[in-house]
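[1] Sequence and predicted model, in that order:
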Amino acid sequence: MSGHSKWAKIKHKKAITDSKRGASFTKMAREITTAAKEGGGDPDMNPRLRMAMTRARGIGMPGSNVESAIKKGTGGGEGIIYESFTFDAYGPGGVAIFIDGLTDNKNRTTAEVRSALTRKSSSLASPGSVAFLFNKKGLIVVETKAIGESDLMDIVLEAGAEDMTTEGDAYEITTEVAVFEKVRLAVEAKKIPMKSAEVTMIPTSTIKVAGQEAKSVLALIETLEDLEDVQNVYANFDISDEDMAAIAE
């Protein structure tokens, strides 16, 4: 998990200093609208919407934007209908990449993803050939300065968390999807600030990449994440702290 955590920190810093925040809000609004359309506008009765709203708060999305997206989803049959998609791919160094998102035109999205991969010397793989290398899990990240390790571990394990590890200046708490919300609420109830809390895809094994190959992998992921229809990109890379620091600069 450490490689993905380090990449998340880089993305967070970039989001603060560039124009990608607006694009993140647009993607999040699409997810909220779709969730509300499928399961209704009450987050207490709609787990997908509840998770989307949690993520929206995590990226600083204004409440008015969230409310507008929910209203759009519950307003009846009008507007654009989005369908979910996934792609399996292989990147530089044989890194496995799993892509998901929402689109109103699957053919357009397929062409855009294929083009992005080709430009970065990567390629689509057959459906399912990469997905099995990842497990769907809940992931909560808390800064180490917020609370002592043993105190936090007691809270999350009692709530049903699967594991907790320390990665640099953060604790990473993993859960089964079914108990993610219970663990998140347990942390929230203690007024412990969370850097992030989401359901994600965690690789079962990783591939080490370094130097130019590592730079190429992260450049590919960033390119894919910039595509309008792509919501998430997961990869099983393992990149050293030194390479991450160099790439961040």
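    Cool, the structure landed.
[2] Please name the nearest non-neighbouring residue to residue 202.
    residue 137 (4.9 Å; Cβ to Cβ, 6 or more residues apart in numbering). Yep, even glycine has a C-beta here, placed from its N, CA and C like the rest.
[3] Quick check: what element follows the helix or strand hosting that neighbour along the chain?
    Assessed by DSSP states H and E, residue 137 sits inside strand 134-143. Elements were assigned by DSSP H and E; along the chain past strand 134-143, the next helix or strand is helix 149-159.
[4] show me the contacts for residue 227.
    101, 109, 112-113, 116 (Cβ atoms under 8 Å, 6 or more residues apart in numbering).
[5] Pipe the residues you listed into CSV and attach neighbour count and pLDDT per row.
    Shown next, in CSV, are the contacts of residue 227 (neighbours: other Cβ atoms under 10 Å; pLDDT from 0 to 100):
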residue, neighbour count, pLDDT
101, 24, 96
109, 21, 97
112, 17, 97
113, 22, 98
116, 19, 97
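[6] Give me the longest helix you can find in the protein.
    With secondary structure taken from DSSP state H, the chain has its longest helix at helix 20-39.
[7] on contacts alone, who are the packing partners of that helix?
    helix 2-17, helix 47-58, helix 63-73, strand 96-103, strand 230-235 (3 or more Cβ pairs under 8 Å, 6 or more residues apart in numbering; DSSP states H and E).
[8] Off-centre distance for that helix?
    13 Å (Cα atoms, centre = their mean, to the nearest Å).
[9] Identify the residues contacting that helix?
    By Cβ under 8 Å, 6+ apart, helix 20-39 touches 14-15, 45-49, 52-53, 55-56, 59-62, 65-66, 68-70, 72-74, 79, 81-82, 84, 102, 226, 228, 230-231.
[10] re earlier: residues making contact with the strand holding residue 137?
    1, 5, 8, 96, 98, 152, 156, 162, 169-177, 179-181, 183-184, 187, 192-204, 234, 236.
[11] ok, now stretch 177-189?
    Here stretch 177-189 has contacts from 47, 50-51, 54, 136-138, 140, 142, 152, 155-156, 158-161, 173, 175, 194, 197, 199, using Cβ under 8 Å, 6+ apart.
[12] residues in contact with the spatially closest residue to residue 140 that is not a sequence neighbour?
    Distance criterion Cβ to Cβ, 6+ apart; nearest residue to residue 140, sequence neighbours excluded, is residue 173 at 4.2 Å. Residue 173 makes contact with 138-142, 152, 156, 161, 163-164, 183, 187, according to Cβ under 8 Å, 6+ apart.
[13] Any chance of CSV for the residues you listed, columns pLDDT and neighbour count?
    Compiled in CSV, these are given as follows (pLDDT from 0 to 100; neighbours: other Cβ atoms under 10 Å):
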residue, pLDDT, neighbour count
138, 93, 25
139, 92, 20
140, 93, 25
141, 92, 19
142, 95, 23
152, 98, 22
156, 97, 25
161, 97, 24
163, 95, 13
164, 96, 19
183, 96, 25
187, 97, 22
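[14] Redo the residues you listed as TSV? Include distance to residue 27.
    As requested, the contacts of residue 173 are exported to TSV (distance: Cβ to Cβ, whole Å):
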residue	distance to residue 27
138	20
139	19
140	21
141	20
142	25
152	30
156	29
161	28
163	29
164	29
183	25
187	25
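[15] wait, which of those is closest to residue 245?
    residue 141 (19.4 Å; Cβ to Cβ).
[16] separation between the closest one and residue 127?
    Going from residue 141 to residue 127 by Cβ to Cβ, to the nearest Å gives 30 Å.
[17] Quick check: can you list the domain ranges of the chain?
    The record's domain parsing of the chain by automatic domain parsing lists 2-73, 83-132+206-238, 133-203.
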